[in-house]
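Peer 1: Sequence and predicted structure, then a few things I'm wondering about:
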Amino acid sequence: MYPVERQHWHPVAACADVGAAPLAALLLTQPLVLWRDASGTVQAWADQCPHRGARLSLGRVCQGRLECPYHGWQFEASGQCVQVPALPAFTPPASYQAQVFQTREQSGLVWVRLDSAGSAGSAESGAAPALPQFDAEADAELHKLNCGPYEVATSAGRIVENFLDMAHFGFIHEGWLGMRQLPDGAVGQATEIPPYQVEATPQGLRATGCRAWQPRSSVHATAVAQIDYSYEVTAPFAAVLTKVPPAHSVALPAFRESIGLFICPLTPETSRVWFRLAVADAAPDEAALRAFQDAIFLQDKPVLESQSPRLLPLAPRAELHTAADKTSVAYRRYLSQLGITFGVC
């Protein structure tokens, strides 16, 4: 099931959470066990012993091998069983294998791809999709940190669409990222979304020329201002926004920030969410940055979980749209063109 989604990379855990003991995880309804081998490399396997189906995440790591909790079978990093305690002289054949998946560590997260075969999303090159990139990662002037994870009872697509949406700022985030009334002397409507541009990219889509009035655009905001935004979808369930406030509205000179949204699609209607912050702050208060991000997303969460259906509708007329929803419409079209079926209807 879900052949397209299985070929994409998805985050499943924080790197720091994968240590000496096996860790259970879930991706696209597939139970996983994460563990580090003798070299410190993260392994991601199906959480099922090939002998009698016990959960390997209940076992332990012994001298760089994963040991099943049921009969003590031990598997080396390749997935090969190398020891069966009940038969000490037995040499397990090559077919005695755990199911092993590809893993990478990037942006403080462990990423897993369940199926590297095929060419989903890369018809020209014939290669499987690349790991989503967070361009701000390479900017040495930006301080990076992760927020989350947040457990959300809705589909990954609904969460991405909310991240791309500016029209809810004045209502869900009133007094923070939005407002209903402009300050005295300002011209226009506080909740108006001016026209902006959306274009397709090789990885997904990009929206530029986005602007929104915000009383508190970041933890460093000191005044109401109209903030410049850009958005980029880099994978079916990953996106990045960059915002640059006017200099007069923030305490730090030349402040800017990028925020990456990285979602683990657990089941069609449940998701685990991380945000990756990259801020132009040489000595940031990380607790304050996380508290701000927590406050914003926890305003979104109950509304996200209230949406019906929780699956993201992809049919053009399943829900109503306006010009302010241009990015959302482009995102739904992108998922349809990719052939995404997980968490959509």
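Peer 2: Looks like it arrived, so ask away.

Peer 1: ends of stretch 183-194, how far apart?
Peer 2: Using C-alpha to C-alpha, to the nearest Å, the end-to-end distance of stretch 183-194 comes to 18 Å.

Peer 1: Check stretch 17-27 too.
Peer 2: 16 Å.

Peer 1: now do stretch 252-270
Peer 2: Start-to-end, stretch 252-270 (C-alpha to C-alpha) is 38 Å.

Peer 1: quick one: average confidence on that stretch?
Peer 2: The average pLDDT for stretch 252-270 rounds to 94.

Peer 1: Now it: buried residues?
Peer 2: By 16 or more other C-beta atoms under 10 Å, the buried positions in stretch 252-270 come out as 252, 255-266, 268-270. For every residue, glycine as well, the C-beta is placed using N, CA and C.

Peer 1: So which of these belong to strands?
Peer 2: Taking DSSP state E, the ones among those that sit in strands are 257-266, 270.

Peer 1: sorry, back to before: and the buried residues of stretch 252-270, which is closest to D285?
Peer 2: Of all the buried residues of stretch 252-270, D285 sits closest to L252, with 11.8 Å by C-beta to C-beta.

Peer 1: Next, find the distance separating that closest one from D135.
Peer 2: 21 Å (C-beta to C-beta, to the nearest Å).

Peer 1: cool, A54 as well?
Peer 2: For A54, the distance to D135 - C-beta to C-beta - is 43 Å.

Peer 1: Give me the below-cutoff pLDDT ranges for the chain.
Peer 2: Scanning the chain for pLDDT under 70 picks out the ranges 117-126, 185, 187.

Peer 1: quick one: the lengthiest helix in it to chain centroid distance?
Peer 2: When the chain is parsed with DSSP state H, its longest helix is helix 286-306. Offset of helix 286-306 from its chain centre (C-alpha atoms, centre = their mean, to the nearest Å): 15 Å.

Peer 1: before we move on, what about stretch 144-158?
Peer 2: That offset, for stretch 144-158, works out to 7 Å (C-alpha atoms, centre = their mean).

Peer 1: Okay, now that stretch: how far is its last residue from its first?
Peer 2: 26 Å.

Peer 1: in it, what counts as buried?
Peer 2: Buried, per 16+ other C-beta under 10 Å, within stretch 144-158: 144, 146-150, 152, 154-158.

Peer 1: ok, which stretches of the chain are helices?
Peer 2: Going by DSSP H, the chain shows helices at 3-6, 156-164, 169-172, 286-306, 326-338.

Peer 1: contacting residues for the spatially most central residue of the chain?
Peer 2: Most central in the chain under C-alpha atoms, centre = their mean is F262, positioned 1.3 Å from the mean C-alpha point. Counting by C-beta atoms under 8 Å, 6 or more residues apart in numbering, F262 touches 11, 107, 109, 132, 237-238, 273-276.

Peer 1: try it again with 7 Å
Peer 2: Listed by C-beta atoms under 7 Å, 6 or more residues apart in numbering, the contact partners of F262 are 11, 109, 238, 274, 276.

Peer 1: next one: A24
Peer 2: 31, 33, 47, 57.

Peer 1: so what's it bridging to?
Peer 2: Beta bridges link A24 to V33 when assigned by DSSP bridges.

Peer 1: Which single one of the buried residues of stretch 252-270 is nearest to E174?
Peer 2: Nearest to E174 among the buried residues of stretch 252-270, with distances taken as C-beta to C-beta, is I259, at 19.8 Å.

Peer 1: Could you measure from the closest residue to the closest one other than its chain neighbours over to G72?
Peer 2: With C-beta to C-beta, 6 or more residues apart in numbering as the criterion, I259 has its nearest non-adjacent residue at 5.2 Å, and that residue is L241. Using C-beta to C-beta, L241 is found at 49 Å from G72.

Peer 1: got the contacts of F262 as TSV, with distance to Q307 and neighbour count columns?
Peer 2: Compiled in TSV, the contacts of F262 are given as follows (distance: C-beta to C-beta, whole Å; neighbours: other C-beta atoms under 10 Å):
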residue	distance to Q307	neighbour count
P11	23	30
L109	26	25
A238	20	27
W274	21	20
R276	25	24
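
Peer 1: so of those, which ones are in strands?
Peer 2: Using DSSP E, the contacts of F262 in strands are 11, 109, 238, 274, 276.

Peer 1: isn't P149 right next to V273, touching?
Peer 2: Yes. Counting by C-beta atoms under 7 Å, P149 does reach V273; the two are 6.1 Å apart.

Peer 1: Look up how far L241 lies from T208.
Peer 2: Taking C-beta to C-beta, one finds T208 at 11 Å from L241.

Peer 1: do N162 as well
Peer 2: 12 Å.
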